[in-house]
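[1] structure, please.
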Amino acid sequence: MTREPRETLRVERTEQTPWTILHIQGELDLVSSPEVRRHVHDAVAVGRRDVVLDLSGVVFCDSSGVGVLIASRRLLRSCRGRLRLILPARGAVDGSHVNRVLAALGVRRLFEVYEDVDAATGDETRPLSA
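    Here you go, the predicted structure:
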């Protein structure tokens with residue numbers, strides 16, 4: 001059995017005051033998760049305490065990726081910040097691999113999950129239920 005070529009991780013950062021949005025695409029795994037960790041730490045280092053991780057472009061996530069999400073949550077909570085995740089809506093063609101992994105590991109309830117950037121950065125919106 002051959003494995004398909006690995007999809008390179010891409011992280012783009014945008015700002016939508018007070019939120020820093022990290023748009024993540026590709027595979028979030030042992031090789032790429034340190035890059036996501038670095039982007040979160042860089043945001044905190046320059047005083048950004050409210051971070052949205054847009055995971056709608058993540059096609060694969062392993063336990064290393066989940067570890068980065070949990071560590072990011074811990075970091076932001078320690079500095080009185082907020083972490084929100086964006087995952088594809090249920091029923092999307094590919095579904096949400098990350099959502100399934102988080103649920104299977106029993107950690108989905110730890111995160112505030114939203115359907116898109118507007119919902120995640122709005123003060124009037126509520127997170128999706130676990």
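[2] in the longest strand seen in the chain, what counts as buried?
    What stands out as the longest strand in the chain, according to DSSP state E, is strand 50-61. Residues 50-58, 61 are the ones in strand 50-61 that count as buried (16 or more other C-beta atoms under 10 Å). To be clear about C-beta, it is placed using only N, CA and C from the backbone, and glycine gets the same treatment.
[3] could you export these as JSON lines, including distance to R80?
    What follows is these, written out as JSON lines (distance: C-beta to C-beta, whole Å):
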{"residue": "D50", "distance to R80": "10"}
{"residue": "V51", "distance to R80": "13"}
{"residue": "V52", "distance to R80": "17"}
{"residue": "L53", "distance to R80": "18"}
{"residue": "D54", "distance to R80": "22"}
{"residue": "L55", "distance to R80": "23"}
{"residue": "S56", "distance to R80": "27"}
{"residue": "G57", "distance to R80": "29"}
{"residue": "V58", "distance to R80": "27"}
{"residue": "C61", "distance to R80": "27"}
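[4] looking at those residues, point me to the pair that's furthest apart.
    Greatest spatial distance among the buried residues of strand 50-61 (C-beta to C-beta): D50 and C61, at 22.5 Å.
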